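Q: here is my input, please return the structure:
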Amino acid sequence: MKSAIYRWGVVLLVPAAAACGRAEAPDVPRAVASSSAEAPAAANPAAAAADTMVVYKTPTCGCCNDWVDHVREHGFEVVTHDLPRLDDIKRELGVPAGMVSCHTATVRGYTVEGHVPADLIRRMIDDNETFHGLTVPGMPMGSPGMEGPWKDRYDVLAFDRAGNVRVYDTR
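A: This next block holds a predicted model:
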């Protein structure tokens with residue numbers, strides 16, 4: 001099912017964001033994500049289709065489910081973890097303050113925050129980038145999982161462990 005925003009209009013943008021993990025919820029035990037501490041693996045074309053992405057999201061977020069479908073359609077294996085609160089996961093995986101969205105993922109030692117297009121995740125892996133991850137802050141209309149009646153222009157940002165951010169691509 002496509003997100004409620006697409007079906008009922010932009011009026012539901014704020015409630016949709018709250019349903020995607022930004023609302024207060026009971027604390028969740030600390031996540032142990034060993035892959036987040038590893039250095040990015042060298043590109044391996046033979047293993048490209050077998051990359052496993054671990055996605056942390058809330059159980060009620062339709063746009064998160066649509067984004068998971070997007071990355072699966074682009075060859076990633078996906079394991080999802082539905083949690084009532086994502087703040088601790090985002091912090092532990094090194095997502096810079098102010099650069100958050102509704103779901104967080106790890107793949108090959110990188111952190112992926114929000115509605116990052118799958119082709120850019122693949123490029124990051126294949127190019128063996130030295131930064132820590134990619135983020136699309138917020139929930140821009142037209143990004144993967146946020147398809148709708150219009151498309152906003154948005155930046156995909158690369159970030160390092162120190163919180164430095166730069167534009168990686170613009171869509």
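
Q: the strand or helix carrying Leu134: how far from the chain's middle?
A: With secondary structure defined by DSSP states H and E, Leu134 is part of strand 133-136. Counting by Cα atoms, centre = their mean, to the nearest Å, strand 133-136 is centred 7 Å from the centre of its parent chain.

Q: stretch 98-115 now?
A: Counting by Cα atoms, centre = their mean, stretch 98-115 comes out at 4 Å from the chain centroid.

Q: do stretch 103-123 as well
A: Taking mean C-alpha positions (Cα atoms, centre = their mean), stretch 103-123 and its chain are 6 Å apart.

Q: again with stretch 163-171
A: Distance, centroid of stretch 163-171 to centroid of chain: 14 Å (Cα atoms, centre = their mean).

Q: can you show me the CA trace of it as PDB?
A: What follows is stretch 163-171, C-alpha atoms only, in PDB (Å, rounded to 0.1, in the frame of the first residue of the first chain):
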ATOM      1  CA  GLY A 163      29.000  14.700  11.900                       C
ATOM      2  CA  ASN A 164      30.500  16.400   8.900                       C
ATOM      3  CA  VAL A 165      27.900  16.500   6.000                       C
ATOM      4  CA  ARG A 166      28.200  17.100   2.300                       C
ATOM      5  CA  VAL A 167      26.000  16.800  -0.700                       C
ATOM      6  CA  TYR A 168      26.500  13.400  -2.400                       C
ATOM      7  CA  ASP A 169      23.800  13.800  -5.100                       C
ATOM      8  CA  THR A 170      20.700  15.900  -5.800                       C
ATOM      9  CA  ARG A 171      17.500  14.400  -7.100                       C
END
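
Q: now that stretch: buried residues?
A: By 16 or more other Cβ atoms under 10 Å, the buried positions in stretch 163-171 come out as Val165, Tyr168, Asp169, Arg171. (Glycine included, C-beta is placed from N, CA and C.)

Q: and the strands in the chain?
A: Using DSSP state E, the strands of the chain run over residues 52-57, 77-82, 104-107, 110-114, 133-136, 155-159, 165-170.
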